[in-house]
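Enquirer: Predicted model and sequence below, questions to follow.
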Amino acid sequence: YRDENNDGEMVVVADERGPMQQSVRLKPDLVVGADGINSQVRETCKEWSGDEQGFTPKKLPSPAGGLRYKILKFPPGVPLNQQETEFMKGPHSYIVYPKDKRKNTKGKLGLLPVKSSKRFRTANIIQPDSHSVWKM
C-alpha cells in the first residue's frame with residue numbers, strides 16, 4: 001500500500017509476513033512493473049497518481065507486425081557443399097544465404113552452435129506473409 005510521508009513524497013510499504021513480522025519502507029525513484037499487459041503495478045500507480053493517461057500503454061507500429069515464422073529442424077551432419085566433403089560441426093555457427101537474389105526471395109538462415117555434432121539444429125524463418133518462402 002502507499003503511505004504519504006510529511007514532505008508529500010510517495011513511500012511504498014511492503015509487509016513481510018515471515019518470522020520477524022517486519023515492514024520495509026521504500027522511497028523509490030523508479031518502479032518497474034514487468035507483470036504483463038494487465039499489469040497490477042501499472043493499475044496501482046494509475047490509481048495512486050490520479051493520472052489516467054500517464055500509465056496507459058501506448059500502441060506503436062512495429063516492424064515485426066505481420067510477420068510469419070517457421071522453425072526448421074536440421075539433422076546432425078548436414079553437408080556444407082555439394083560434394084559432401086564438409087559437414088556442420090557442433091560448436092560452430094552457420095549462415096545459409098539463398099542462391100536467388102531477387103527482392104522477394106531475400107533472407108538467410110542462422111544456425112546457432114550445438115554442444116554435440118550428433119544433435120539436431122534449428123533455424124528460424126521470419127518473413128512477411130507475401131514472401132516467396134511461404135509458397136514452397
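Expert: Sure thing, it's come through.

Enquirer: Find me the pLDDT at residue 17, would you?
Expert: With respect to pLDDT, residue 17 scores 61.

Enquirer: er, residue 71 I mean
Expert: 90.

Enquirer: Could you double-check that it sits in contact with residue 126?
Expert: No. Residue 71 is not in contact with residue 126 according to C-beta atoms under 8 Å; the separation is 9.9 Å. C-beta: built from backbone N, CA, C; applies to glycine.

Enquirer: So for the two, which sits in the more crowded spot?
Expert: Set side by side, residue 71 and residue 126 show more neighbours around residue 126, with 13 against 9, by other C-beta atoms under 10 Å.

Enquirer: Need the contact partners of the host helix or strand of that one.
Expert: Element membership of residue 126 [criterion: DSSP states H and E] is strand 121-128. With C-beta atoms under 8 Å, 6 or more residues apart in numbering as the contact definition, strand 121-128 has outside contacts at 66-74, 76, 78, 88, 96, 107, 109-112, 114, 133-134.

Enquirer: PyMOL command to pick out the buried ones of those residues?
Expert: Here is the PyMOL command that picks out the buried ones among the contacts of strand 121-128, judged by 16 or more other C-beta atoms under 10 Å:
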select buried, resi 74+88+109+111+114+133
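
Enquirer: Go through the contacts of strand 121-128 and flag which are in helices.
Expert: Residues of these located in helices (DSSP state H): none.

Enquirer: Fine by me, we can end here.
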